[in-house]
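# Let me see the structure of the following:
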Amino acid sequence: MKFGITQAFPCNYLPDREERLLVCVEPNPSLRIAFSALTESGFRRSGDQIYRPHCTACNECQSVRVLARAFKASKSQKRVLSRNKDIEVRVSHENKDDYYTLYERYISEVHADGSMFPASPEQYFGFVNCEWQAPIFLEARLAGELIGVAVTDKLERGYSALYTFFSPSLAKRSLGTFFILKQIALAVEADLPYLYLGYQVDGCQKMNYKQNFLPQERFFEDKWHLLLKKP
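As a prediction, the model looks like this:
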């Protein structure tokens with residue numbers, strides 16, 4: 001397969017560092033075929049692009065996948081599920097209009113200091129949608145009102161959590177954790193072994209929630225390494 005390397009740009013995770021990406025530059029039909037295999041080699045999707053960090057002097061980004069069949073919720077995770085028993089979760093194959101409205105509010109109120117601010121329809125649809133494989137959407141509704149969406153990719157041997165956004169006013173419900181638990185359950189229901197959570201960066205505090213879902217594997221030194229407890 002053909003790959004290209006981007007120029008260096010400011011790192012989104014670690015201050016005062018730069019990052020580069022290794023990007024698959026195959027045509028769209030080939031990307032659809034290769035997507036699952038590339039994900040199992042530490043790659044990730046953003047829009048139509050499949051990429052993996054390729055930094056010269058840094059290996060902090062490690063792809064994480066939860067072993068869905070072996071996963072057992074912790075006491076705190078069970079409390080999150082109990083706290084949200086009144087939420088209805090459905091799987092949708094359509095990127096609905098009210099998703100962007102919630103996304104814009106989430107970015108504006110939660111990530112106004114991040115690289116995705118300010119939100120725009122072009123940025124949202126360019127990031128979420130994909131010409132060669134449509135994502136699925138786990139939508140959460142409370143009394144009929146949309147309160148959260150987890151954009152998810154289906155793989156040959158699992159699911160990949162692309163991005164989750166939710167109502168900022170419901171932060172006490174721990175909806176980020178709630179959605180991951182639902183995505184793990186989705187993988188188990190489909191008899192698939194993995195839920196991919198993207199990259200863990202130990203030096204970035206906002207990424208540390210991923211270490212709470214065990215057992216998991218992390219990809220570094222060109223292979224997966226099993227973790228049974230928090231590092």
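
# dump the residue contacts of Phe125.
By C-beta atoms under 8 Å, 6 or more residues apart in numbering, Phe125 lies in contact with Asn95, Tyr100. For every residue, glycine as well, the C-beta is placed using N, CA and C.

# 6 Å instead?
By C-beta atoms under 6 Å, 6 or more residues apart in numbering, the contact list for Phe125 is empty.

# any idea how far Gln211 is from it?
Distance, Phe125 to Gln211, by C-beta to C-beta, to the nearest Å: 31 Å.

# ok, now Asn12?
Counting by C-beta to C-beta, the gap from Asn12 to Gln211 is 19 Å.

# And the two? Which one has more around it.
Neighbours per residue, other C-beta atoms under 10 Å: of Asn12 and Gln211, the larger number sits with Gln211, 17 against 14.

# Could I get the phi/psi values of the nearest residue to the more buried one once chain neighbours are set aside?
Leaving out its chain neighbours, the residue that sits closest to Gln211 by C-beta to C-beta, 6 or more residues apart in numbering is Lys230, at 4.9 Å. Dihedral pair for Lys230: phi -60, psi 140, per degrees, to the nearest 10.

# For the strand ranked longest in the chain, buried residues please.
For the chain, the strand with the greatest residue count under DSSP state E is strand 145-155. For strand 145-155, the neighbour count (16 or more other C-beta atoms under 10 Å) marks Leu146, Ile147, Gly148, Val149, Ala150, Val151, Thr152, Asp153, Lys154, Leu155 as buried.

# Which strand or helix spans Leu186?
helix 175-189 (DSSP states H and E).

# quick one, helices of the chain?
28-39, 75-83, 97-110, 121-128, 175-189 (DSSP state H).

# Next, format those helices as TSV and append mean pLDDT and distance to Cys61.
Converted to TSV, the helices of the chain look like this (pLDDT from 0 to 100; distance: least, C-beta to C-beta, whole Å):
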stretch	mean pLDDT	distance to Cys61
helix 28-39	96	14
helix 75-83	98	25
helix 97-110	96	22
helix 121-128	96	18
helix 175-189	98	19
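
# what mean pLDDT does stretch 2-16 have?
Across stretch 2-16, the average pLDDT comes to 94.

# what's the span of it, first residue to last?
30 Å (C-alpha to C-alpha, to the nearest Å).

# Show me what it is in contact with.
Contacts of stretch 2-16 (C-beta under 6 Å, 6+ apart): 17-26, 54, 115, 201, 203-204.
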